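Chemist: Have a look at this prediction, sequence included:
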Amino acid sequence: MSTGTMSDRRQIGIAVAGFAFQERNATMTRLFAGTPFDRPPKCEACGELVQACVCPPPEPERVPPQRQRVKIAIEKRKRGKVVTALRGLSAEGGTADLLSRLKSVCGAGGTFKDGILEIQGDHGDRVRATLSQLGYRVDG
């Protein structure tokens, strides 16, 4: 009285079991489904996807020199090299100009890395005088 062979029943059983498996996993395919993390980020200005946004990037806010407190430290590096380190400068805008001005005043090389402006050599007095002329509050 059966309508199909054993292999037909097996295929139907596998298909039914596979459907149930797919249906159960369809609800759990994405961890953050339905949350803000599930949706791709959109630009706040134009509403387009961030990857397709053509808005210009916002300009960094420049902190005036009067609101910045700079700490000057003379550090000795390996092989006896001395460096004048400036900490407390904001990284947004103006550090490249300040670095080039300090390098020309001191007659030495320098760099800005990891939030620290470094001038090669012991130039604490020259750097302090230049920064106070520019309006920075100087410590150290």
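Modeler: All right, it came through fine. Numbering: from 1, shown residues only.

Chemist: how about low-confidence regions in this structure?
Modeler: Where the chain drops to pLDDT under 70, the residues are 1-30, 36, 93.

Chemist: burial of residue 98, as a residue count?
Modeler: Residues lying near residue 98 (other C-beta atoms under 10 Å) number 20. For the C-beta atoms, the positions are set from N, CA and C on the backbone; glycine is no exception.

Chemist: Contacts only, for it.
Modeler: By C-beta atoms under 8 Å, 6 or more residues apart in numbering, the contact list for residue 98 reads 89, 117, 134.

Chemist: got a list of contacts for the longest strand along the chain?
Modeler: If you go by DSSP state E, the chain has its longest strand at strand 69-76. Residues outside strand 69-76 that contact it (C-beta under 8 Å, 6+ apart) are 82-89, 122, 124, 127-128, 131, 136-140.

Chemist: How about stretch 101-120?
Modeler: 81-87, 89, 91, 95-96, 98-99, 121, 123, 126-127, 130.

Chemist: Off-centre distance for stretch 118-133?
Modeler: Relative to its chain's centre, stretch 118-133 lies at 29 Å (C-alpha atoms, centre = their mean, to the nearest Å).

Chemist: Can I get that stretch as PDB, trimmed to CA atoms?
Modeler: C-alpha atoms of stretch 118-133 as PDB (Å, rounded to 0.1, in the frame of the first residue of the first chain):
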ATOM      1  CA  GLU A 118      60.600  65.700  18.900                       C
ATOM      2  CA  ILE A 119      63.500  68.000  18.000                       C
ATOM      3  CA  GLN A 120      66.900  66.500  17.800                       C
ATOM      4  CA  GLY A 121      69.300  67.900  20.400                       C
ATOM      5  CA  ASP A 122      69.100  69.900  23.600                       C
ATOM      6  CA  HIS A 123      67.000  73.000  22.500                       C
ATOM      7  CA  GLY A 124      64.800  73.500  25.500                       C
ATOM      8  CA  ASP A 125      65.400  77.200  25.900                       C
ATOM      9  CA  ARG A 126      64.900  78.000  22.200                       C
ATOM     10  CA  VAL A 127      61.800  75.900  22.000                       C
ATOM     11  CA  ARG A 128      60.300  77.400  25.200                       C
ATOM     12  CA  ALA A 129      61.000  81.000  23.900                       C
ATOM     13  CA  THR A 130      59.500  80.300  20.500                       C
ATOM     14  CA  LEU A 131      56.400  78.600  21.900                       C
ATOM     15  CA  SER A 132      55.700  81.400  24.400                       C
ATOM     16  CA  GLN A 133      56.000  83.900  21.500                       C
END
